[in-house]
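A.B. asks: sequence first, predicted coordinates after that:
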Amino acid sequence: MSARRLGSLAACLALALMLLAALAPASSAAEPKSRPPFKVMMVLWRGCEDACRGFQDYLAARHVPVQYFVRHAGTLNLKFPDLVAEARALKVDLVVTWGTTATLGMVGEYDKVDPARHLTDIPTLFMIVTDPVAARVVADLEKPGRNVTGTLVIVPEETQIRAIRSYLPVRRIGIAYNEDEVNAVASVEKVRALGQKMDFEVVAKPVPRDDAGKPVASSLPDVVAALAAEKVDLIYIGSSSFILNNRDVFTRAAVEHGVPVAAAGEVPVVESDALLGLVSRYYTVGQLTGTRAEQILVEGRKPEDIPVEALSRFSLIVNMQVAHKLALYPPLLLMNAIEVIKTDKTAGGAKP
């Protein structure tokens, strides 16, 4: 091979090597590193139940790296100002609250915020809050207007009543409620308004209070007896932390009087003796809340710009053991639509 040809080959080889070097990816030292996990504080009430698990499972399935700081405010009787200070000290990226009590404790009412005691500087996301507008967590569902947003758990009352009446032709609905709870009072008023619209009567009984002004749990069987004496066709558990926390004695007393109970949440049906409920399943609500967390953490959206929304599909659940006790079985036309609950005490509920 001639010297000229060898020189040409060498030049071509050198050019090829230069092109490969230019096209090759940067060295591993220069490659961008994966970001550290997002820091998320979860302020729960009594442990990581279905909504909590749904939230965490969603983010795990989406491969969003998260370091969780889980705090059980109700179980351990933690002080919310201390949790607010801890969230700031940890420099968390997001705070997730479970229930009305924990949410108000962490962020306060929208028009009574104290920056020294409440979060204003860290995005906050709530779930399992019965009525965030009535509780004054946000002023408007479409435009929260603060560093807070979340998801809805309660199915609209009119939709619930229609589902209940497709199961039972009720004309008188009884309600027991705690007058100290804003959500509970608002729920009673909504059902009363629906009674005028949908042609049914509402018999509402406030829970008696003790000398200190606190509702008396031991009075609930008597309240149920009073509702039964007024010939109500059904007792409705709407938005009431007090009734929910005493759901076993309340629903058991109703069954003893032969009165079915319908609930706005899954816990009284799955864990206690309520007959039925048109509900948002907690696990699915947790997943929906996870989508909002992804929008905040990954997409960089601001909570104030994210509407507070509910699931688009609900579950009609029926406790068949209670149906058997009361001899109130689902109509055949509903059998394909209901989710049968056998009361194996495995639901993940708690205080709303």
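C.D. replies: Nice, thanks for sending it over.
A.B. asks: all contacts plus neighbour counts: C-alpha atoms, from now on.
C.D. replies: Fine.
A.B. asks: ok, residue 150 touching residue 292?
C.D. replies: Yes - using C-alpha atoms under 8 Å, residue 150 and residue 292 qualify as a contacting pair, with a distance of 7.4 Å.
A.B. asks: in the protein, which residue is most central in space?
C.D. replies: Taking C-alpha atoms, centre = their mean as the criterion, residue 128 is the residue nearest the geometric centre of the chain, at 2.6 Å.
A.B. asks: I'd guessed residue 209 sits against residue 216; true?
C.D. replies: Yes - judged on C-alpha under 8 Å, residue 209 makes contact with residue 216 at a distance of 5.4 Å.
A.B. asks: what stretches of the stretch 101-250 of the chain score poorly on pLDDT?
C.D. replies: Confidence mapping of the stretch 101-250 of the chain against pLDDT under 70 gives zero matching residues.
A.B. asks: quick one: the strands in the stretch 201-350 of the chain?
C.D. replies: Counting by DSSP state E, counting those that start in this stretch, the stretch 201-350 of the chain has these strands, from start to end: 201-206, 234-237, 261-263, 276-279, 315-319, 338-341.
A.B. asks: which one of these has the most crowded surroundings?
C.D. replies: Of the strands of the stretch 201-350 of the chain, the one with the most neighbours on average (mean count of other C-alpha atoms under 10 Å) is strand 276-279, at a mean of 28.
A.B. asks: if you average the pLDDT over that one, what comes out?
C.D. replies: In this model, strand 276-279 carries a mean pLDDT of 95.
A.B. asks: now for it, which elements pack on it?
C.D. replies: Using 3 or more C-alpha pairs under 8 Å, 6 or more residues apart in numbering; DSSP states H and E as the contact criterion, the neighbours of strand 276-279 among helices and strands are helix 157-167, strand 261-263, strand 315-319.
A.B. asks: what does the shortest one rub up against?
C.D. replies: Read it as strand 261-263. Contacts to strand 261-263, defined as C-alpha atoms under 8 Å, 6 or more residues apart in numbering, come from residues 164, 234-238, 251, 254, 269, 273-278.
A.B. asks: let's see that with 7 Å instead.
C.D. replies: Residues from elsewhere that reach strand 261-263 (C-alpha atoms under 7 Å, 6 or more residues apart in numbering): 234-238, 251, 254, 274-277.
A.B. asks: need the contact list for residue 324.
C.D. replies: Residue 324 is in contact with no residue at all, counting by C-alpha under 7 Å, 6+ apart.
A.B. asks: can you read off the pLDDT for it?
C.D. replies: Looking at residue 324, its pLDDT is 95.
A.B. asks: next one: the one 5 residues further on
C.D. replies: Looking at residue 329, its pLDDT stands at 93.
A.B. asks: which parts of the chain are helices?
C.D. replies: Counting by DSSP state H, the chain has these helices, from start to end: 3-23, 50-61, 80-90, 100-107, 157-167, 182-198, 220-229, 241-245, 247-256, 267-270, 282-297, 320-326.
A.B. asks: point out the most buried one among those.
C.D. replies: With neighbours taken as mean count of other C-alpha under 10 Å, the helices of the chain reach their highest mean count in helix 267-270, at a mean of 27.
A.B. asks: from the chain's centre, how far out does that helix sit?
C.D. replies: Taking C-alpha atoms, centre = their mean, to the nearest Å, one finds the center of helix 267-270 at 15 Å from the center of the full chain.
A.B. asks: again with stretch 173-190
C.D. replies: 20 Å.
A.B. asks: export only the CA atoms of it, formatted as CSV.
C.D. replies: Extracted C-alpha coordinates of stretch 173-190, given in CSV (Å, rounded to 0.1, in the frame of the first residue of the first chain):
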residue,chain,number,x,y,z
ILE,A,173,-85.5,10.2,57.6
GLY,A,174,-84.0,10.5,61.1
ILE,A,175,-80.8,12.3,61.9
ALA,A,176,-78.8,12.6,65.2
TYR,A,177,-76.2,15.3,65.3
ASN,A,178,-73.8,17.2,67.5
GLU,A,179,-74.7,20.9,67.6
ASP,A,180,-71.0,21.8,68.1
GLU,A,181,-69.9,20.5,64.7
VAL,A,182,-70.2,22.9,61.9
ASN,A,183,-70.2,20.1,59.3
ALA,A,184,-72.9,18.2,61.1
VAL,A,185,-75.3,21.2,61.4
ALA,A,186,-74.6,22.1,57.7
SER,A,187,-75.4,18.5,56.7
VAL,A,188,-78.7,18.5,58.6
GLU,A,189,-79.7,21.8,56.8
LYS,A,190,-78.8,20.3,53.4
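A.B. asks: got a list of contacts for it?
C.D. replies: The set of residues that contact stretch 173-190 without belonging to it, under C-alpha under 7 Å, 6+ apart, is 131, 134-135, 201-207, 215, 227, 232-240, 242.
A.B. asks: same thing but at 8 Å, please
C.D. replies: Stretch 173-190 is touched from outside by 130-131, 134-135, 157, 200-207, 215, 223-224, 227, 232-243, with contacts defined as C-alpha under 8 Å, 6+ apart.
A.B. asks: what residues does stretch 130-138 touch?
C.D. replies: 99-100, 103-104, 107-111, 139-141, 144-146, 148-149, 152-154, 182-183, 186, 239, 352.
A.B. asks: in this structure residue 203 contacts residue 172, no?
C.D. replies: Yes - when contacts are counted by C-alpha under 8 Å, residue 203 is listed as touching residue 172 (7.1 Å).
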